[in-house]
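Participant: please work out how this folds:
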Amino acid sequence: MQTDNNIYDLIIIGAGPIGIACGLEAKKKELSYLIIEKGCLVNSLYNYPANMTFFSTSDKLELENIPFISNNPKPRKAEALEYYRRIAVSNELNINLFEKVNSVNTGEDGRHSIITSKAAYKTKNVIVATGFYDIPNYLNIPGEDLFKVAHYYDDPHYYAKQKVVVVGASNSAVDAALEIYRKGGDVTMIVRSPEIGERVKYWVRPDIINRIEEGSIKSLFNARLKEIREDEVIINTAEGDQRLANDFVLLLTGYRPNFEFLKNIGINLSDDPLLIPQYNPETMESNVIGIYLAGVICGGMETHKWFIENSRIHAGIIIGDIKKTNS
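Facilitator: Numbers count the residues shown, from 1 in each chain. The predicted structure follows:
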């Protein structure tokens with residue numbers, strides 16, 4: 001509930017694991033708070049591939065020392081959804097779901113006005129914990145808007161007995177290529193670099209390399225997708241352009257935070273391709289007084305810098321600073 005003339009101590013934008021961690025910490029410190037999420041609970045996680053396995057072990061994904069019991073050495077998506085849902089429900093966290101934050105404005109008094117798709121709120125402090133999974137890195141090539149093209153991957157069954165091009169060599173691309181191949185898809189990977197990325201999960205990387213070497217999954221390295229057509233794709237390689245008959249294209253080339261949203265609320269971004277938002281690492285407060293950043297969004301385009309396991313601490317840092325400032 002709101003206090004102080006209907007003003008929250010804190011509004012948290014994003015109900016992912018880090019947003020939930022901030023809510024738990026705010027509740028523990030007896031701050032009035034609200035978590036606002038534009039989709040479902042842990043929305044980004046919900047939209048991960050159906051069979052996704054985390055890189056981290058379950059203990060590294062725990063919040064507030066609440067045990068995360070998994071049936072596997074590395075927990076799967078379904079287990080994580082169950083874990084974070086139980087935390088949010090059992091702790092009766094104050095969360096508004098399916099409510100999009102449209103704007104955050106800071107007044108001369110330092111208070112923040114938040115306008116959403118459903119309501120308007122006043123708050124002393126804001127935490128932006130929106131992650132990075134909402135906006136794909138588009139290639140901006142002809143045909144990218146065709147029905148056969150997807151920037152997200154869910155389940156391999158859809159692609160059985162189809163000619164599928166997978167663009168990228170990160171964890172998401174490798175997982176998709178292996179799963180689709182094992183469900184009977186004819187998979188070709190297009191990779192800009194000369195090899196599969198070093199960041200690919202260590203227990204998966206040998207599998208994809210072996211499948212490529214034996215020819216089960218075809219690959220074109222040092223290559224770029226040039227054009228997508230209804231029944232084929234054009235690929236630029238060192239030997240020149242190649243045409244490849246094709247049914248579906250998965251552009252798994254990564255994702256980015258909503259930088260426009262950050263800029264619109266006054267947060268400065270670094271003047272380089274990394275677009276790292278400005279914040280004080282000792283408090284996680286941005287250049288806008290009373291607006292804090294938490295989780296992967298702190299890394300800008302370096303989306304591999306922050307994970308659940310190493311950004312859980314942001315909750316305690318931020319709430320500690322808010323308590324000190326408000327006392």
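Participant: quick one: neighbours of the residue nearest to residue 8 when sequence neighbours are not counted, just the number.
Facilitator: Closest residue to residue 8 apart from its sequence neighbours, by C-beta to C-beta, 6 or more residues apart in numbering: residue 123 at 4.1 Å. Quick note: C-beta positions are derived from backbone N, CA and C, even for glycine. Per other C-beta atoms under 10 Å, the neighbour tally for residue 123 reads 23.
Participant: and residue 123, how far is that from residue 104?
Facilitator: Distance, residue 123 to residue 104, using C-beta to C-beta, to the nearest Å: 9 Å.
Participant: and for the two, which residues touch both?
Facilitator: Residues touching both residue 123 and residue 104 by C-beta atoms under 8 Å, 6 or more residues apart in numbering: 112, 114.
Participant: returning to that earlier point: what does the residue nearest to residue 8 show for phi and psi?
Facilitator: Residue 123 adopts backbone torsions of phi -150, psi 150, taken as degrees, to the nearest 10.
Participant: show me what it is bridged to.
Facilitator: On the basis of DSSP bridges, residue 123 is bridged to residue 8, residue 112.
Participant: for it, give me its contacts.
Facilitator: 7-11, 34, 111-112, 114.
Participant: including pLDDT and distance to residue 180, could the residues you listed go into a markdown table?
Facilitator: Below are the contacts of residue 123 laid out as a markdown table (pLDDT from 0 to 100; distance: C-beta to C-beta, whole Å):
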| residue | pLDDT | distance to residue 180 |
| --- | --- | --- |
| 7 | 93 | 51 |
| 8 | 97 | 46 |
| 9 | 97 | 48 |
| 10 | 97 | 43 |
| 11 | 98 | 41 |
| 34 | 98 | 41 |
| 111 | 94 | 51 |
| 112 | 97 | 45 |
| 114 | 98 | 42 |
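Participant: by neighbours, which of the residues you listed wins?
Facilitator: Counting by other C-beta under 10 Å, top hit in the contacts of residue 123: residue 11 with 27 neighbours.
Participant: host element of that residue?
Facilitator: Here residue 11, judged by DSSP states H and E, is contained in strand 10-13.
Participant: so which elements touch that strand?
Facilitator: With contacts taken as 3 or more C-beta pairs under 8 Å, 6 or more residues apart in numbering; DSSP states H and E, strand 10-13 sits against helix 17-28, strand 33-36, strand 112-116, strand 120-123, strand 126-128.
Participant: just so I know, which of these lies nearest residue 267?
Facilitator: Of all those, it is strand 126-128 that lies closest to residue 267, at 7.9 Å by C-beta to C-beta.
Participant: what residues does whichever helix or strand comes after that closest one touch?
Facilitator: Going down the chain from strand 126-128, the next helix or strand is strand 135-136, by DSSP H and E. Strand 135-136 is contacted from outside by 151-152, 251, 253-258, using C-beta under 8 Å, 6+ apart.
Participant: filter those residues to the buried ones?
Facilitator: The neighbour count (16 or more other C-beta atoms under 10 Å) marks 151, 251, 253-257 as buried among the contacts of strand 135-136.
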